[in-house]
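Colleague: one predicted model, sequence on top.
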Amino acid sequence: MEHSTHNDEHLNEERPPTNTGGKEKQTPDAENPIVLSGHLKVTPVEKKAAGIPAVLASFADLIEENALFRGTKALFSMNQFDGFDCSSCAWPDPDDDRSPLAEYCENGAKALAEEATSKKVTPDFFTKNAVYDLSLLDDYHIGKMGRLTDPVYLPKGGTHYQPISWEEAFRKIAEHFNALVSPDEAAFYTSGRTSNEASFVYQLFAKAYGTNNMPDCSNMCHETSGSGLRPTIGIGKGTVTLEDFYEAEVIMIIGQNPGTNSPRMMSALSKCKANGGKIIAINPLPETGLMGFKDPQKIKGVLEGVKLADLYLPVKINGDMALLKALEKLLLNFEKETPGQVLDRAFIEEKTTGFPEFEKQFDHYAIAELAEHSGVPVTLLYEAAQMLKSRKKIIICWGMGITQQPNGVDMVREMLNILLLKGSIGIKGAGVCPVRGHSNVQGNRTMLIDEKPTEEQLDRLEQFYGFKMPRKHGYDVVRAIKAMHAGKVKVLFCMGGNLLSAAPDTTYTADALRKLDLLVCVSTKLNRGHLVHGKECIILPTYSRADRDIVNGEVQIVSTENSMGVVQSSKGVLQPVSDNLLNETQIVCRMAMATLGNRSAVNWQRYHDSYDAVRDDIEKCIPGFENYNVRVRRKGGFYLPNAARDEQRFAEQYDYRAPFTLTDIPVNKLADDEYLMATTRTHDQFNTTIYGLDDRYRGIHQERRVIFMNEKDIAKAGFKAGDKVDLFNYDDDTERVAPLFIIVPYPIPEKNTMTYFPETNVLVSVNNVVRESNMPASKYVKIKIRKHHPDV
Ligand SMILES: Nc1nc2c(c(=O)[nH]1)N[C@H]1C(S)=C(S)[C@@H](COP(=O)(O)OP(=O)(O)OC[C@H]3O[C@@H](n4cnc5c(=O)[nH]c(N)nc54)[C@H](O)[C@@H]3O)O[C@H]1N2
Ligand SMILES: Nc1nc2c(c(=O)[nH]1)N[C@H]1C(S)=C(S)[C@@H](COP(=O)(O)OP(=O)(O)OC[C@H]3O[C@@H](n4cnc5c(=O)[nH]c(N)nc54)[C@H](O)[C@@H]3O)O[C@H]1N2
Ligand SMILES: [Mo]
């Protein structure tokens with residue numbers, strides 16, 4: 001028998017702190033927050049995401065950034081057919097039906113406010129502020145300084161950045177590149193906002209220069225998904241479209257917080273629910289955005305809201321593998337009870353390999369044991385399996401809660417195993433959905449920003465351009481940091497991002513960056529990454545996605561690829577903050593001309609002058625971009641081919657079938673005084689950019705240095721809510737310290753804790769990585785917690 005489930009009870013008994021320790025119990029509400037310590041105020045976890053407060057918050061940010069007029073005008077253009085692609089996340093836009101008023105979300109509006117700000121960081125600002133003094137500010141205040149207006153240069157031994165002409169900047173960069181003993185002494189980092197056009201010329205320059213050292217933010221984000229999927233389904237991307245969301249019967253959301261990080265996903269989820277679909281949320285935290293949603297684009301939605309998750313499974317950190325195996329064991333049991341009713345035997349027979357071995361492993365697993373490992377009661381696991389039992393249109397979505405675990409690649413394959421059992425991939429309403437982060441991170445990879453390009457990809461480039469491409473695989477992020485630390489990489493060029501703050505082991509990474517001869521950052525705004533630098537440092541200011549990009553008198557379009565493989569155009573609308581900005585493509589082309597001179601077979605000037613020219617050549621080098629310049633201008637853009645989705649054609653090495661993968665359950669042994677820590681995002685940040693100091697949905701206000709703990713753990717350790725503590729990690733026999741955090745009791749499994757990134761990156765060892773993908777395992781950090789000591 002199948003019963004639909006409402007487990008609100010589980011949510012309601014779990015509330016944030018209701019006392020400050022010792023004092024009489026009070027119940028906080030939005031008007032009467034509890035002041036836990038210093039500025040920190042705590043209110044109850046919000047029950048529904050978005051709605052009116054979200055709309056108000058988005059306008060408040062625009063006002064604060066002195067950008068109300070510029071910003072609101074731009075908001076109406078965001079994610080519209082002839083407008084610009086929001087740079088906040090990679091969630092797709094509806095193919096046909098776009099809200100004429102606003103296809104944006106609160107966090108998209110905040111991202112825009114950051115870019116549309118009329119505050120400026122001019123050369124004069126740098127004359128007045130020494131680099132060292134700026135480095136003493138926190139990330140929030142550094143980010144609020146405004147948009148960069150001119151190129152600046154920090155000479156060897158200098159204390160202040162000084163103005164430099166573009167010409168002179170490119171000359172210096174070229175001089176450094178040409179002085180290196182080997183091209184592999186340079187590395188080229190990319191963050192995920194760079195357009196397809198700029199990405200393509202950028203990777204081409206790195207290869208023409210002679211290296212595959214292209215670490216990128218993917219190496220900290222969804223590399224794990226690619227590593228898990230490419231060898232199994234033949235493509236390192238998701239297999240669903242937005243339409244599939246509307247049709248799905250069950251959507252599982254594992255280790256992802258859509259309410260904050262891809263808010264427009266919630267419209268798709270509520271549409272799925274309206275069509276009768278069920279949602280299962282698997283997360284150590286009962287995230288507001290998973291539980292309920294008020295659609296700001298619909299009057300009815302704003303007032304009433306909908307309940308999202310039908311079932312919430314409060315998994316322990318890293319307990320997902322045991323949970324997934326429990327679901328599989330239950331499905332196999334159900335199949336034994338009603339043969340032919342649960343598994344898709346025909347699909348398993350025709351499209352997969354390794355089922356007998358896969359099935360056999362479950363002889364060794366007991367449900368009770370799996371439940372214990374996962375932290376989720378058997379009854380809830382049973383309910384989840386019941387929901388999957390007779391349904392076939394199943395989508396599994398995941399985010400950083402999976403990809404940043406040491407066994408993340410295994411878990412990606414285990415999620416796929418479930419879909420393979422049910423034949424739930426490559427059919428309507430079903431498939432895998434790694435929800436990407438940065439708005440064009442998927443496009444960056446498609447454009448060959450990859451430290452390990454395939455032979456086939458390189459052959460195609462070689463054939464078209466007629467020069468030898470470097471074949472040796474390059475450094476990813478973790479390897480690049482180690483190479484800088486060892487003095488093997490001497491020049492680092494960063495196309496956007498903030499490697500220092502995004503990377504693990506902040507102290508180690510800072511040491512690595514300080515050893516560079518030259519650091520070059522192409523950036524829109526000042527960040528900490530500009531303030532911890534090599535011997536010399538250059539900052540090159542560029543346009544943001546929302547800025548009007550005029551080349552040779554014509555307003556240009558660029559293109560991006562979203563999480564579902566749709567390539568579409570983006571046309572900025574804002575007047576750039578300064579006349580002295582260059583677009584990223586032009587920066588690369590001028591750097592290439594300065595560095596390679598006559599040595600290069602590529603006509604960089606042609607690319608410099610026209611994005612159409614870049615697109616014409618992308619079409620010749622990368623499959624799926626036929627007729628690029630025409631199709632990119634079509635309403636809604638075009639889908640890239642995806643054989644797993646369209647033809648159920650999976651991995652070539654398995655004869656285009658998908659293999660079942662055998663994986664292990666990790667053993668997480670913790671000492672009595674040890675805890676697991678996951679690092680996560682607040683509702684008020686975009687990665688290393690801190691919009692504000694609140695995390696509204698989780699009820700945290702005016703403080704970021706908090707640690708969420710289970711109430712029982714707090715009592716057991718002799719702490720109380722609001723206590724100030726220091727956090728320690730001892731991986732590789734090295735003491736790492738993050739001082740001064742405030743304890744907040746929170747509904748989180750015992751022995752699990754949560755803190756905000758990037759404040760606790762200092763605790764993540766550079767050697768704590770995900771197997772196979774080599775990503776930092778930033779959601780699996782062993783820590784000890786001690787009462788704060790003033791000397792720490
Ligand atoms: N507004 C805003 N939007 C963003 C970003 C942003 O910073 N701000 N960042 C962008 C980027 S680059 C990315 S990659 C995405 C990130 O989006 P998400 O993937 O949502 O990222 P996180 O907030 O890091 O964490 C996701 C969830 O993992 C859960 N989690 C932690 N450990 C575990 C575990 O062991 N198991 C399970 N099941 N869950 C766990 C946490 O509770 C949290 O809810 O968002 C993108 N969009
Ligand atoms: N502990 C921990 N660490 C993490 C994570 C975590 O969950 N926990 N998440 C990881 C993930 S998923 C990611 S993606 C990385 C993010 O790592 P990054 O991508 O390196 O970091 P961002 O904060 O997104 O980069 C912000 C900077 O990019 C610049 N910028 C913004 N827009 C543009 C643009 O259009 N062009 C250019 N050239 N520059 C621009 C601005 O100067 C801004 O300061 O962090 C990772 N680090
Ligand atoms: Mo990301």
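Modeller: Nice, I can see it. Ligands and ions are numbered 1, 2, ... in the order given.

Colleague: for the rest of this, base every contact and every neighbour count on C-alpha atoms.
Modeller: Will do.

Colleague: list the buried ones in stretch 452-472?
Modeller: By 16 or more other CA atoms under 10 Å, the buried positions in stretch 452-472 come out as K452, P453, L458, D459, R460, L461, Y465, M469, P470, R471.

Colleague: nearest to ligand 3, of these?
Modeller: The shortest gap between ligand 3 and any of these belongs to K452, at 19.1 Å (CA to the ion).

Colleague: assign H438 to helix, strand or coil.
Modeller: At H438 the chain is in coil, as set by DSSP: H, G, I helix; E, B strand; the rest coil.

Colleague: so who does it touch?
Modeller: With contact set as CA atoms under 8 Å, 6 or more residues apart in numbering, H438 has these partners: S87, S88, C89, A90, S191, G192, R193.

Colleague: residues of this structure that sit close to ligand 3?
Modeller: Taking CA under 5 Å from the ion as the criterion, the neighbours of ligand 3 within the chain are C221, G437.

Colleague: for the chain, name the helix or strand with the lowest mean pLDDT.
Modeller: Across the helices and strands of the chain, mean confidence by mean pLDDT, DSSP states H and E is lowest for helix 8-12: a mean of 28.

Colleague: quick one: A281 from V602, how far?
Modeller: A281 sits 50 Å away from V602, going by CA to CA, to the nearest Å.

Colleague: which one of the two has more residues nearby?
Modeller: Shown here are A281 and V602; by other CA atoms under 10 Å, A281 has more neighbours (27 against 20).

Colleague: that's a helix at the more buried one, yeah?
Modeller: No - A281 sits outside any helix when classified using three-state DSSP, being strand.

Colleague: so who does it touch?
Modeller: Here A281 is in contact with M252, I253, I254, L290, A309, L311, Y312, L313 (CA under 8 Å, 6+ apart).

Colleague: go through these and name the one nearest ligand 1.
Modeller: Ligand 1 has its nearest neighbour among the contacts of A281 in I254, at 4.7 Å by CA to the nearest ligand atom.

Colleague: looking at it, the closest one is touching P286, isn't it?
Modeller: No - taking CA atoms under 8 Å as the definition, I254 is not a contact partner of P286, at 11.7 Å.

Colleague: list the contacts for the residue sitting nearest the centre point of the chain?
Modeller: Residue closest to the mean C-alpha point of the chain, counted by CA atoms, centre = their mean, is G437 at 3.2 Å. Counting by CA under 8 Å, 6+ apart, G437 makes contact with C89, A90, C221, N261.

Colleague: give me phi/psi at the third one?
Modeller: Recorded main-chain torsions at C221 are phi -130, psi -80, according to degrees, to the nearest 10.

Colleague: please apply the same query to the last one.
Modeller: Summarising the backbone geometry of N261 under the convention degrees, to the nearest 10, its torsions are phi -100, psi -20.

Colleague: how many neighbouring residues does it have?
Modeller: 27.

Colleague: quick one: it from ligand 2, how far?
Modeller: 10 Å (CA to the nearest ligand atom, to the nearest Å).

Colleague: what of P155?
Modeller: 21 Å.

Colleague: quick check, pLDDT for that residue.
Modeller: Per-residue confidence for P155 comes out at a pLDDT of 98.

Colleague: hey, what's the spatially closest residue to it that is not a sequence neighbour bridged with?
Modeller: Taking CA to CA, 6 or more residues apart in numbering, and ignoring the residues beside it in sequence, P155 has E536 as its nearest neighbour in space, at 5.1 Å. Counting by DSSP bridges, E536 is bridged to L518.
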